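Q: Build me a model from this:
(chains A and B)
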Amino acid sequence: MANLLLIPEEFTLVLFEASRMRELVDEVILAIDAPSDLEITLEIDEELAQPMTASYVDVDDGRIALWYSGGNFEDTKKARVLDEERARRELGVGILRGMDRLSPEFAGAPRDNELSDAQRLLWEVSADARCVRAGIPTREDRLRYVYRLACGFSDTADAAYEKAWSGGFTTWQSIADAVANMVPTAETTSRGIRRDDLRKIRE
Amino acid sequence: MKRFLPVEELARDERFIRSNIADGFSDPRNGRIQQRTISTARLQPDRASAPDRARSLMHGIFVGEIQALEAAGRTTFDFDDTDAPFALKLDMARQCWDESRHVEISVKLGEHMGTEIGEYTEATFLYEAACVTDPAMRLAGVNRALEGLAIDVFNTMKDFGEASGDPILKFCEDWMLADEVTHVKMGSDWLRRLTERDPERRERALEFQRAVDKLFSLGGFRGETDESPIQIARRFRELAGFDTKEIDEIAGLAADALDDARALLGQTG
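A: Now for the predicted structure:
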């Protein structure tokens, strides 16, 4: 059982059960073979609906801090209803990236709101692939499109994707170097609008 | 075969789930989100939610194309040759071919973007707007209002493809956009011809078009401000034969629809 702080304690705007969310975190931790005493804060902004999706993964004082839009967990066919498959995938990627941040190999990684879209997505592809290997299904076609939006529709970007998918990036520096070697596009260098993000407006 | 097929009898397999506009208004999150400033609602690739919004919109385009195909198809069959000349039906048959192609393209674009048939719900109010029994009104509602909306949607998606460096999306949307311009022109031409001796009928048809235009600007979905994900494509509308006054009128209807939505959410939130 993870040491989990769930925010909010109970959901009032969406039809998610807090107890089920806690169970899903435990299921994911078991699947990815994470330490059972992992300390996690999981904050879900239930005001944000599909398709307003966004997430952040950071570490604060040794505790993994996950923030998600409620839309990240929502069934696309049934408003306000939890999609457990999506939730497992989101939590799996988030916890794996949080564990990366706790490791010395990712010690130099900037916080999520300081990452470029390309750095963030290449890291997510790596985590997604680990989820798949752990038996948590993902939608690879979806992931590839999100990745291409951030990293460009190019052979260079696709080669980095394949490397990430096959487990080729195991340190923060290897991800940063791969992104630096991609042909820069307007999309990978422009961060102005993304910084004006869904989470920030609450602060 | 049955004439004037009601929306309930449209053929769909188990992948399609219908949505209801009223469900959206009863969502308790709407009132909350109205109080938050989420910056621009425009579809821009460097927003965190851009991939999911683009996929959702693409699925909406896909089901819209199915219904546009059904609407044009019904027009070839629902009316006799007195109400709708054979040449009009021939144009509608040609439009069916275009819409069929758009359905196929939209399915493939959806796959390209990582979605699939049935991932999102289907709203059927496009087809419902095509159930009107006067062919002049149907042409105004479908070919001028809805195909006009398609111009705005495809142009928005084309811009998104260009901004994200996605050549597949950009070119596919551009090609479909060209067809929509033709569909609007056909609607304008036939509306003029069917009502050339009946100005009252023409006015009724145009009034119906305004009602459909307002419906499809629902909640600020379409407009000219940052609050609207779909932007009115003035240049392409001009190419399709809309004059500046008509485009200004659509922009005004869109602004009214946004105000209505704000008022409604203020009451329910």
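Q: Check what pLDDT the residue lying farthest from the centre of chain B gets.
A: Largest separation from the mean C-alpha position in chain B: residue B:197, at 29.4 Å (Cα atoms, centre = their mean). Listed pLDDT for residue B:197 reads 96.
Q: Look up the closest residue to the residue in chain B positioned nearest to chain A, ignoring the ones flanking it.
A: Closest approach of chain B to chain A (Cβ to the nearest Cβ) occurs at residue B:114, with a separation of 3.1 Å. Where C-beta positions appear, they are placed from N, C-alpha and C, glycine not excepted. Distance criterion Cβ to Cβ, 6 or more residues apart in numbering or on different chains; nearest residue to residue B:114, sequence neighbours excluded, is residue A:142 at 3.1 Å.
Q: How about residue A:21?
A: Counting by Cβ to Cβ, 6+ apart, residue A:21 lies nearest to residue A:6, which is 6.3 Å off, once chain neighbours are set aside.
Q: Over to residue A:84?
A: With Cβ to Cβ, 6+ apart, the residue lying closest to residue A:84 is residue A:24, at 6.6 Å.
Q: Could you chop chain A up by domain?
A: Chain A breaks down by automatic domain parsing into domains covering A:3-104, A:105-192.
Q: mind putting these in JSON lines, mean neighbour count and mean pLDDT included?
A: Converted to JSON lines, those look like this (neighbours: other Cβ atoms under 10 Å in any protein chain shown; pLDDT from 0 to 100):
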{"stretch": "domain A:3-104", "mean neighbour count": "18", "mean pLDDT": "96"}
{"stretch": "domain A:105-192", "mean neighbour count": "18", "mean pLDDT": "90"}
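Q: Dump the ones you listed to CSV, plus distance to residue B:24.
A: Listed next are these as CSV, based on distance: least, Cβ to Cβ, whole Å:
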stretch, distance to residue B:24
domain A:3-104, 7
domain A:105-192, 24
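Q: so where's chain B uncertain?
A: Under the criterion pLDDT under 70, the flagged ranges of chain B are B:37-39, B:265-269.
Q: Close to chain A: what parts of it are there?
A: B:17, B:23-24, B:27-29, B:32-33, B:36-40, B:44-53, B:55-56, B:111-115, B:118-121, B:163-168 (Cβ under 8 Å from any Cβ of the partner chain).
Q: and the residue of chain A found nearest chain B, what element?
A: As assessed by Cβ to the nearest Cβ, chain B sits closest to residue A:142 within chain A, at 3.1 Å. Per DSSP states H and E, residue A:142 falls inside helix A:140-151.
Q: check whether the helix or strand that that helix is followed by contacts chain B.
A: Reading on from helix A:140-151 to the C-terminus, the next helix or strand found by DSSP H and E is helix A:155-165. No: Helix A:155-165 lies out of reach of chain B by Cβ under 8 Å from any Cβ, never closer than 9.7 Å.
Q: Point out the other helices and strands that helix A:155-165 packs with.
A: Counting by 3 or more Cβ pairs under 8 Å, 6 or more residues apart in numbering or on different chains; DSSP states H and E, the packing neighbours recorded for helix A:155-165 are helix A:117-133, helix A:140-151, helix A:172-181.
Q: Excluding chain neighbours, what is closest to the residue most central in space within chain A?
A: The residue lying closest to the centre of chain A (Cα atoms, centre = their mean) is residue A:94, at 4.2 Å. Spatial nearest neighbour of residue A:94, excluding adjacent residues (Cβ to Cβ, 6+ apart): residue A:66 at 4.5 Å.
Q: Could you do residue B:132 as well?
A: For residue B:132, ignoring the flanking residues on the chain, the nearest one in space by Cβ to Cβ, 6+ apart is residue B:138 at 5.1 Å.
Q: That neighbour: neighbour count?
A: 27 (other Cβ atoms under 10 Å in any protein chain shown).
Q: Would you agree it is in contact with residue B:75?
A: Yes: between residue B:138 and residue B:75 there is a contact under Cβ atoms under 8 Å: 6.1 Å.
Q: what's the overlap in contacts for those two?
A: Among the neighbours of residue B:138, those also in contact with residue B:75 (Cβ atoms under 8 Å, 6 or more residues apart in numbering or on different chains) are residue B:130.
Q: so the residue nearest to the centre of chain A sits right up against residue A:68, yeah?
A: Yes: shown here, residue A:94 and residue A:68 form a contact pair, counting by Cβ under 8 Å, at 7.4 Å.
Q: overlap in contacts of the two?
A: residue A:55.
Q: CA atoms of stretch B:106-122 as PDB?
A: Output of stretch B:106-122 as PDB, limited to C-alpha atoms (Å, rounded to 0.1, in the frame of the first residue of the first chain):
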ATOM      1  CA  SER B 106     -11.900  11.500 -41.600                       C
ATOM      2  CA  VAL B 107     -11.700   7.800 -40.400                       C
ATOM      3  CA  LYS B 108      -8.100   7.700 -41.700                       C
ATOM      4  CA  LEU B 109      -7.200  11.000 -40.200                       C
ATOM      5  CA  GLY B 110      -8.700   9.800 -36.900                       C
ATOM      6  CA  GLU B 111      -6.500   6.800 -37.000                       C
ATOM      7  CA  HIS B 112      -3.500   9.100 -37.800                       C
ATOM      8  CA  MET B 113      -4.300  11.100 -34.700                       C
ATOM      9  CA  GLY B 114      -4.800   8.100 -32.500                       C
ATOM     10  CA  THR B 115      -8.500   7.800 -32.200                       C
ATOM     11  CA  GLU B 116     -11.000   5.300 -33.500                       C
ATOM     12  CA  ILE B 117     -14.700   5.100 -34.600                       C
ATOM     13  CA  GLY B 118     -16.900   5.400 -31.600                       C
ATOM     14  CA  GLU B 119     -14.300   6.700 -29.100                       C
ATOM     15  CA  TYR B 120     -16.500   9.800 -28.700                       C
ATOM     16  CA  THR B 121     -20.200  10.200 -28.800                       C
ATOM     17  CA  GLU B 122     -22.300  11.300 -31.800                       C
END
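Q: Thanks again, I'm all set now.
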